[in-house]
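[1] turn this into a model:
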Amino acid sequence: MKFKGGYILFLSKHDYEPYGSALPYRGFEASKTEDKYKFGYNGQEKESEIGNDDYDFGARIYDGRIGRWISSDPLAYQLSSTSPYCSFNNNPIAFVDDGGEIYRIFYVDKNNTQQHFDFDGTNGGSAPNNPFVNAVIDSYNYIVNNSADYKDIMLNIATSSTVVDVYYRRTSGHSPKGHTIFYNPAQGLTVLENNKRKVKGMSSPAVSFYHESVHDYLQQEKLDYYDEEQKVAKEYEKNAILKLIEKSKNETYRDDYFDYKIKQTYFSNPTSTIEVGKAVGKAAQAVYKFATKIFKGHSKAKYNLNGKVPKQKST
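    Residues are numbered from 1 along each chain as shown. Prediction:
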């Protein structure tokens, strides 16, 4: 619509079938070319050169007449039971399809300017040469490529309409509001036995990244803090680590979630479970921090949440 001479002019109105084909005789378009509205079903831009019911969703073109994409889904290999041309999981009432961002990784370029890279699980080859960005991608690939993405949590984030922001922080954690993950690729866990003295084993930083991804995904369940932590550690994290162990990875799971059963530990890279000394660990940590530092007081930065610092939980 637009304003003209004190009046509101409606330029376009359409009703659609569930898959996006315009219903006949249930709409209208402005007659003047300059007034024609270029958006339609789901707010997407029309591709009139292809057909009246075709829309540009960003990554692919959608044909509303048949309810299918006209090119294959780049993430189809992660969901082999579904056609790569299938839209909205064959249920346009319950599901949406977004641009495909999986993690929005924030970093600084060589000019000390804040940037972000949208990682969709397949485009790592085009990522900037930045230590923090590369560490996040390595962590994702470590979990997914070793079949450790228990219940397809990372895949579910990828196919949702939500973009998850990823920032460096000295201690990995997440924001219970705003879909934000904080990650230190140089810091994992030492898992302790019940007597709190004997070391049971190690857990890599990449597992911590998966742990925080699960927290982000479970926000929709609105669980109590303790119940959520128990569910993440005892079900999701444990089953992910069992898969890694099957792949001969030297990971260790915890039987329960209690802070006294773990301690933060330095590792040289996000997929390592070999502890390094404090000096070496802090040096590795500094590399990631430098690659993402935006300004002094970075840990109190306004993390893209309407200017409000999110409440932070640690692993």
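[2] how many neighbours does S204 have?
    28 (other Cβ atoms under 10 Å). The way it works is simple: take the backbone N, C-alpha and C, and place the C-beta from them, glycine included.
[3] enumerate every residue touching it.
    142, 188, 249, 251, 267, 270-273 (Cβ atoms under 8 Å, 6 or more residues apart in numbering).
[4] backbone dihedrals for it, please?
    Dihedral angles of S204 (phi, psi; degrees, to the nearest 10) stand at phi -70, psi 160.
[5] the helix or strand hosting V214 packs against which elements?
    Assigning secondary structure by DSSP states H and E places V214 in helix 205-218. The contact analysis (3 or more Cβ pairs under 8 Å, 6 or more residues apart in numbering; DSSP states H and E) places helix 205-218 against helix 131-145, helix 153-158, strand 173-175, strand 180-183, strand 187-192, helix 225-231, helix 238-246.
[6] partners of the shortest one, with directions?
    Paired neighbours of strand 173-175 in the sheet (DSSP bridges): strand 180-183 (antiparallel), strand 313-314 (antiparallel).
[7] re the thing from before, which of the helices and strands packed on helix 205-218 has the lowest mean pLDDT?
    Note on the helices and strands packed on helix 205-218: lowest mean pLDDT is at helix 153-158, with a mean of 76.
[8] pLDDT averaged over the helix or strand following that helix - what is it?
    Next along the chain after helix 153-158, taking DSSP H and E as the criterion, comes strand 164-168. Average pLDDT, strand 164-168: 90.
[9] pairing partners for strand 164-168, with directions?
    As assigned by DSSP bridges, strand 164-168 forms pairs with strand 103-108 (parallel), strand 180-183 (parallel).
[10] now do the first one: distance to the chain's middle.
    This means strand 103-108. Here strand 103-108 is found 11 Å from its chain centre; the criterion is Cα atoms, centre = their mean, to the nearest Å.
[11] ditto for stretch 204-211
    The answer for stretch 204-211 is 14 Å, by Cα atoms, centre = their mean.
[12] number the residues from 10 up from this point.
    OK, 10 is where the count begins now, so the last one is stretch 213-220.
[13] please identify the buried residues of that stretch?
    Residues of stretch 213-220 classed as buried by neighbour count (16 or more other Cβ atoms under 10 Å): 213-220.
[14] also stretch 158-165?
    Result for stretch 158-165 [16+ other Cβ under 10 Å]: buried residues 158-159, 162-164.
[15] brilliant, that's me finished.
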